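Visitor: Below are the sequence and a predicted model for it; my questions follow.
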Amino acid sequence: MATTQVIVATDNFDIGALSEGVRADDATSGAIVTFTGIVRELEIADNQLDALFLEHYPGMTEKALEKIATQARERWELGNIVIYHRVGRLDLNENIVFVGVGSAHRVNAFEAAQFIMDYLKKDAPFWKKEISNEGEHWVEQKESDLKAADSW
């Protein structure tokens, strides 16, 4: 039976271990697709990103991520799903999010992983603050993220 694992934590994650969680006890999946989001350098004029700070609404966030995984299962035949999202201060090159999806077929796995990320960016209750050499500011939701989710 396929499982969904959702974790929201301050601790870093092991990509290999999470990938194994997507494979675990599921011989029906012939395809495993994973995505890892990482804090990247962002330079706009003289403003240089040092870190991100992510906050969330405990309990509500996990439910929102589980709902997104359920919506993906309604669209595609999927095996195990693992979603791990970090919160707290994240410095450059640190892991932010992992999404892993198993499916019998690669197209379903690729599409479902992208769907989960697109809806995570739109619907999950996370708030992101950018910390830079010029100070701190909360980041508004991007129009491109809303359009990506609407494309489904």
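Guide: Right, received. Where do you want to start?
Visitor: can we go C-alpha only for contacts and neighbour counts from here?
Guide: Noted.
Visitor: Give the bridge partners for the residue most central in space within the chain, please.
Guide: Centroid-nearest residue in the chain: V97, 4.2 Å away (criterion: CA atoms, centre = their mean). With DSSP bridges as the criterion, V97 is bridged to G37, H85.
Visitor: List the contacts of it.
Guide: If a contact means CA atoms under 8 Å, 6 or more residues apart in numbering, then V97 has 35-38, 83-86 as its contacts.
Visitor: gap between the lengthiest helix in the chain and the chain center?
Guide: For the chain, the helix with the greatest residue count under DSSP state H is helix 106-123. Offset of helix 106-123 from its chain centre (CA atoms, centre = their mean, to the nearest Å): 9 Å.
Visitor: that older thread, quick one, which of the contacts of V97 are buried?
Guide: 35, 83-86 (16 or more other CA atoms under 10 Å).
Visitor: now, which of these sits nearest G21?
Guide: I83 (10.2 Å; CA to CA).
Visitor: then the helix or strand where that closest one lies to PDB, C-alphas only?
Guide: Following DSSP states H and E, one finds I83 within strand 81-86. Extracted in PDB, the C-alpha atoms of strand 81-86 (Å, rounded to 0.1, in the frame of the first residue of the first chain):
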ATOM      1  CA  ILE A  81       5.100  10.200  -1.700                       C
ATOM      2  CA  VAL A  82       7.600  12.000   0.700                       C
ATOM      3  CA  ILE A  83       7.500  15.700   1.300                       C
ATOM      4  CA  TYR A  84      10.000  17.300   3.700                       C
ATOM      5  CA  HIS A  85      10.100  21.100   4.100                       C
ATOM      6  CA  ARG A  86      12.400  23.000   6.400                       C
END
